[in-house]
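Chemist: how would this look folded up:
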Amino acid sequence: GMRFIWQRPPFGILISLLSLSMFFQGIAYALTGPLVLSFAGAQALGWSYMGFGLGALVGGGLLDVWGGPKRRMDGIIVGLFTGGVGCFVISLRPNALLIALGLLIFGLGFIFMIGLNRVIYQVKAAPEVLGRIFSLRVMLGVSMQSVGILVAGPLVVRVFQPLMSGESAFAGQLEQIFGIGEGRGAALMYLILAGVSWLI
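Modeler: Numbering: from 1, shown residues only. Here you go, the predicted structure:
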């Protein structure tokens with residue numbers, strides 16, 4: 001499977017892009033709970049997670065009914081951009097409904113992107129190596145997601161939360177838009193995820 005992808009650079013770009021998106025998804029997954037629980041309770045967290053589930057359901061249903069654009073790579077880029085919009089919405093304010101909306105948008109874009117990615121492999125890859133390619137793709141994706149989950153907490157606690165404390169000059173510049181204090185370090189990381197998603 002690795003040899004097949006190595007010999008075809010477009011597949012290498014695709015699997016790298018999706019592995020990177022799984023890394024982002026791992027960070028977002030790890031930060032949702034601490035972010036919501038920094039200002040609300042378990043019920044609000046449940047509603048927020050439901051937002052992601054609804055977004056994934058809508059994204060999958062849209063892909064099933066429509067089938068996606070003819071140029072599927074364009075659809076993947078749009079899905080990644082949409083996920084970035086969701087991360088931006090999550091970062092704005094400590095509000096459970098706003099975070100649920102952001103997760104809905106994130107889930108929609110993420111599932112749409114993953115679905116189109118699978119279709120590209122099924123249509124373009126040689127059938128005799130498709131199972132190996134899928135195994136490699138899943139292994140890389142889950143590995144990158146796991147790394148994202150592992151690094152999210154230490155990054156927020158040691159880097160981003162101190163930046164968003166009341167004592168930081170950096171926080172003073174963002175206070176009016178994003179607020180400061182507990183949980184805003186995670187919000188800043190969501191904002192960075194949004195920016196990176198848009199730049200890719």
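Chemist: Now name the helix or strand holding the most centrally placed residue in the chain.
Modeler: The residue lying closest to the centre of the chain (CA atoms, centre = their mean) is residue 25, at 3.5 Å. Element membership of residue 25, judged by DSSP states H and E, is helix 9-37.
Chemist: how about that helix: buried residues?
Modeler: 11, 14-15, 17-28, 30-32, 34-36 (16 or more other CB atoms under 10 Å). All C-beta atoms are positioned from the backbone trio N, CA, C, and that covers glycine.
Chemist: same for it, what does it pack against?
Modeler: helix 2-6, helix 42-66, helix 72-92, helix 96-124, helix 130-155, helix 184-199 (3 or more CB pairs under 8 Å, 6 or more residues apart in numbering; DSSP states H and E).
Chemist: any chance of the ones you listed in a markdown table, with mean neighbour count too?
Modeler: What follows is the helices and strands packed on helix 9-37, written out as a markdown table (neighbours: other CB atoms under 10 Å):
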| stretch | mean neighbour count |
| --- | --- |
| helix 2-6 | 14 |
| helix 42-66 | 16 |
| helix 72-92 | 21 |
| helix 96-124 | 21 |
| helix 130-155 | 16 |
| helix 184-199 | 21 |
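Chemist: Now distance to residue 178 and mean pLDDT too, for the ones you listed, in JSON lines please.
Modeler: Shown next, in JSON lines, are the helices and strands packed on helix 9-37 (distance: least, CB to CB, whole Å; pLDDT from 0 to 100):
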{"stretch": "helix 2-6", "distance to residue 178": "40", "mean pLDDT": "85"}
{"stretch": "helix 42-66", "distance to residue 178": "18", "mean pLDDT": "92"}
{"stretch": "helix 72-92", "distance to residue 178": "6", "mean pLDDT": "93"}
{"stretch": "helix 96-124", "distance to residue 178": "12", "mean pLDDT": "92"}
{"stretch": "helix 130-155", "distance to residue 178": "17", "mean pLDDT": "93"}
{"stretch": "helix 184-199", "distance to residue 178": "6", "mean pLDDT": "90"}
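Chemist: Kind regards, and thank you for your time.
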